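Enquirer: Sequence and computational prediction follow.
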Amino acid sequence: MQFKNIIPVPELQKYIGKIWVFESGGQLPPDDIKLVVPNGRIRLLVPYLNGIAANIDGTLYQSKEGSITLTGIIDMPSKPELGANTGTIGIEFNSTGAYRFFSLKFGDVSNKIVPLSDIAGKIAGELQEQISNAETIESKLVLLQHFLLKKLLLQKEDSIFEYCVEKIMLTKGKITVKELEKKTGYSSRWLNMKFSDQLGVSPKNFSSIIRFKQYYNAVANNKEMDFLKNELYDYYYDQAHFLKDFKRFTGLSHHGFQSQPNEFGKLFYKD
């Protein structure tokens with residue numbers, strides 16, 4: 001397996017958290033559970049060598065070779081299904097990034113994978129054809145970023161939404177909705193609606209994802225025991241609170257998760 005991070009062009013760096021290229025020249029180890037836990041980001045996926053599939057909440061989503069799909073924000077575990085030889089480009093938007101490029105209510109695509117053509121229409125089909133005809137990964141990346149640059153700023157900045165997301169990120173998910181109400185002057189109902197439209201989940205749900213992300217970053221970088229010993233109670237009221245979120249975001253018990261390798265899933269969180 002090879003996982004390569006690509007630095008976005010400067011004009012997109014405010015909106016994109018990560019661009020990556022994943023390639024696998026053979027079957028993944030059979031005992032690897034291939035579990036991807038939520039990270040609070042919306043993704044574009046472009047499989048350029050064979051297709052990929054993912055199981056989300058019992059639904060199997062297929063992405064054929066040469067297609068471009070958008071993955072809404074995920075708040076549950078998912079499991080990709082990969083063939084022996086695969087190559088995929090992924091673009092992960094910052095939590096305040098995706099809504100600036102696409103005109104849709106993101107709550108409609110949460111926990112779903114949808115063809116980009118369903119969202120962007122004819123221009124997405126043209127981009128798909130151009131990328132399929134491009135001979136190198138580098139040229140495919142140029143086309144994708146050029147497409148995003150043309151889409152950028154078509155949607156107006158939502159300063160209240162971005163302020164709330166920033167507060168959640170800065171506090172690593174520890175700020176409450178009541179505190180956001182006080183800081184913005186807007187009701188929880190209004191904030192829930194705004195987050196549903198611009199991101200796809202409520203601020204409370206998003207905060208839960210960001211808290212768990214602190215733990216899973218530690219897992220991916222072999223610092224799990226340090227987190228459990230020194231940081232756990234910075235993010236969770238007690239062990240029961242942590243284990244409840246753990247089961248929700250991995251679908252497994254903590255013991256069951258620790259007993260199975262998940263090297264594929266860790267790739268998306270490593271420094």
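Expert: Received the coordinates, thanks. Numbers count the residues shown, from 1 in each chain.

Enquirer: so how far is residue 52 from residue 79?
Expert: Going from residue 79 to residue 52 by Cβ to Cβ, to the nearest Å gives 11 Å. For every residue, glycine as well, the C-beta is placed using N, CA and C.

Enquirer: quick one, which of the two is more surrounded?
Expert: Shown here are residue 79 and residue 52; by other Cβ atoms under 10 Å, residue 52 has more neighbours (23 against 16).

Enquirer: so what's the backbone phi/psi at that one?
Expert: phi -130, psi 160 (degrees, to the nearest 10).

Enquirer: Wait, it touches residue 85, no?
Expert: No. The pair residue 52 / residue 85 is not scored as a contact, 11.6 Å apart, by Cβ atoms under 8 Å.

Enquirer: what domains does the record give for the protein?
Expert: Domains of the chain are assigned by automatic domain parsing as 2-151, 159-266.

Enquirer: so can I have a markdown table of those domains showing mean pLDDT?
Expert: Formatted as a markdown table, the domains of the chain follow (pLDDT from 0 to 100):
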| stretch | mean pLDDT |
| --- | --- |
| domain 2-151 | 93 |
| domain 159-266 | 95 |
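
Enquirer: that's a strand at residue 22, yeah?
Expert: Yes. Counting by DSSP: H, G, I helix; E, B strand; the rest coil, residue 22 is located in a strand.

Enquirer: What's the local residue count around it?
Expert: The local packing of residue 22 (other Cβ under 10 Å) involves 21 other residues.

Enquirer: Enumerate every residue touching it.
Expert: Counting by Cβ atoms under 8 Å, 6 or more residues apart in numbering, residue 22 touches 1-4, 86-88, 90, 267.
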